[in-house]
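Novice: starting from these lines, generate the structure:
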Amino acid sequence: MKASTILLCLFVGLLSVAPALAQPDPSIRDWGNPPGTPPPWQTPDVWVDNNGNEIPYEANEPARGIQDNRLFARIRNLGSTATAEVQVRFAFAPYGLWAPASHADFKEIDVVTVPPLSPGEEKTIEVEWDLSDLSENNGGAWGGFTVNDFSHFCVLVTLTSQGDTNPSNNIAQNNFTWVPIAPGKTSMVKFLVANPKAQPATAELLLAGLPERWQVRLDGLQRGRNTLQPREVRLVTLSFTPPARETETAAPLAARGDLSLRLDGQLVGGISMDAHEPAAAQALFPPAGGSLSPYLIGTYDLRGGQRAVVQVLNPTGRPVRVLAAFFDDDE
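Specialist: Okay, here's the model as predicted:
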């Protein structure tokens, strides 16, 4: 009797586990995934790379006023069976602290249908992100503010697929930016704070990461608790000034700032930023134990379909950039 009971339990257990193992799971990583990954409001699965150098979060990426920003999202199938087709939806809004209920206020960029993904398969999707219309205001959903009012934006990516057994990992939002700073100079970041609720809400901004010696100022929202009216969207400016450089050999300034929004006591979103000094510009022809002329002296005759072969030597001890220009008789 006891043995038959044990066999029955094993049989029931196998019936309950087997269907869960054979299921598709299209996914995209959200903020801070895996847990503890800084910054907290950035996902490694959404980025912009306009110049193709594979370095995300550079200045002017994305850039306002142009049509062909290159936006990427990386998705994968974590399940043990192939997915159906996956719809990947891209949308954006001005840089801001958006509560989940306000995701409908994002402006659609594009929707891409991805063929079925095999178990463990990963795929990168690229879309064109048009930011050429500086007057775009998403039908007033951004509180009357436009693309032209911001230098940074939030990107929202959502996945839908028939038969998906784990929709909890189908959404990712990236709120991350790079801010150039200089010793003793004030830098500013503008962003939106929204109350998506139908009743007033208590909003509180939490700032972490910036050094204590830096002067920090908030305009548009007071430190501490604030009341936001129903559906209110407010423009906030964060200004911060690093201290002047004490010595010429002092290390470059750098910090990572994280702003989060607490709405009626609940943490609903945030933004992150890397603030650091731009790299010092290098001379085009740096001396390194050799001489280098900025011009190749000589005349090269290309008449009659002839070719001229030019040999360029690098006498320095480091890589150099070669710029080629062609002039006619009148230069």
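Novice: residue 128 - that's part of a helix, no?
Specialist: No. Under DSSP: H, G, I helix; E, B strand; the rest coil, residue 128 falls outside any helix and is assigned strand.
Novice: burial check on it, number of neighbours?
Specialist: Applying other Cβ atoms under 10 Å, we find 12 other residues in the vicinity of residue 128. C-betas here are computed from N, CA, C, even on glycine.
Novice: got it, and residue 110?
Specialist: Close neighbours of residue 110, defined as other Cβ under 10 Å, add up to 15.
Novice: contacting residues for it?
Specialist: Residue 110 sits next to 89-90, 127-129 when contact means Cβ atoms under 8 Å, 6 or more residues apart in numbering.
Novice: in what helix or strand does residue 89 lie?
Specialist: Using DSSP states H and E, residue 89 sits in strand 86-94.
Novice: C-terminal to that strand, what's the next element?
Specialist: On the C-terminal side of strand 86-94, the nearest following helix or strand under DSSP H and E is strand 96-97.
Novice: adjacent strands (with direction) for the strand holding residue 89?
Specialist: With DSSP bridges as the test, strand 86-94 is paired with strand 107-114 (antiparallel), strand 153-161 (antiparallel).
Novice: can you list the residues that contact that strand?
Specialist: Contact partners of strand 86-94, identified using Cβ under 8 Å, 6+ apart, comprise 26, 71, 73, 75, 103, 105-114, 116-117, 125, 127, 129, 138, 142, 145, 147, 149-150, 152-161, 191-192.
Novice: buried members of these into PyMOL, please.
Specialist: Only the buried entries of the contacts of strand 86-94 go into this PyMOL selection, using 16 or more other Cβ atoms under 10 Å:
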select buried, resi 26+71+73+75+105+106+107+109+114+117+125+127+129+138+142+145+147+149+150+152+153+154+155+156+157+158+159+161+191+192
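Novice: nearest to residue 255, out of the strands paired with strand 86-94?
Specialist: Across those, residue 255 has its closest neighbour in strand 153-161 (21.1 Å, Cβ to Cβ).
Novice: contacts for that closest one, please.
Specialist: With contacts defined as Cβ under 8 Å, 6+ apart, strand 153-161 is touched by 24, 26-28, 45-46, 48, 62, 71, 73, 75, 83-96, 98, 103, 106, 109, 131, 147, 170-175, 271.
Novice: tell me which other helices or strands the host helix or strand of residue 71 touches.
Specialist: Using DSSP H and E, residue 71 maps to strand 69-77. The contact analysis (3 or more Cβ pairs under 8 Å, 6 or more residues apart in numbering; DSSP states H and E) places strand 69-77 against strand 26-27, strand 46-48, strand 86-94, strand 122-129, strand 153-161.
Novice: if you set the cut-off to 10 Å instead, what comes out?
Specialist: strand 26-27, strand 46-48, strand 86-94, strand 107-114, strand 122-129, strand 153-161, strand 171-174 (3 or more Cβ pairs under 10 Å, 6 or more residues apart in numbering; DSSP states H and E).
Novice: pLDDT (mean, whole number) over that strand?
Specialist: Average pLDDT, strand 69-77: 96.
Novice: residue ranges with poor pLDDT in the stretch 1-150 of the chain?
Specialist: The model of the stretch 1-150 of the chain has pLDDT under 70 over residues 1-22, 38, 99-102.
Novice: surely residue 74 meets residue 46?
Specialist: Yes. Counting by Cβ atoms under 10 Å, residue 46 is a contact partner of residue 74 at 7.8 Å.
Novice: between those two, tell me which one has more neighbours.
Specialist: Neighbour tally, residue 74 and residue 46, criterion other Cβ under 10 Å: the higher count belongs to residue 46, 23 against 17.
Novice: tell me the bridge partners for the nearest residue to the more buried one once chain neighbours are set aside.
Specialist: Excluding the flanking residues, the one nearest residue 46 by Cβ to Cβ, 6 or more residues apart in numbering is residue 174, at 4.3 Å. Judged by DSSP bridges, the bridge partners of residue 174 are residue 155.
Novice: begin at 515, not 1, for the rest of this chat.
Specialist: Sounds good: first residue 515 from here, last item residue 688.
Novice: tally of neighbours for residue 688?
Specialist: The burial count for residue 688: 27, using other Cβ under 10 Å.
Novice: one more: the one 10 residues further on?
Specialist: Under the neighbour criterion other Cβ under 10 Å, residue 698 is assigned a count of 10.
Novice: over to residue 600?
Specialist: Residue 600: 25 neighbours (other Cβ under 10 Å).
Novice: equivalent analysis for residue 763, please.
Specialist: 6.
Novice: which stretches of the stretch 665-814 of the chain have low pLDDT?
Specialist: For the stretch 665-814 of the chain, applying pLDDT under 70 flags the ranges 793-814.
Novice: tell me how far residue 647 lies from residue 660.
Specialist: As judged by Cβ to Cβ, to the nearest Å, residue 647 and residue 660 stand 9 Å apart.
Novice: oh sorry, the question was meant for residue 733
Specialist: To residue 660, residue 733 is 19 Å away according to Cβ to Cβ.
Novice: much appreciated, bye for now.
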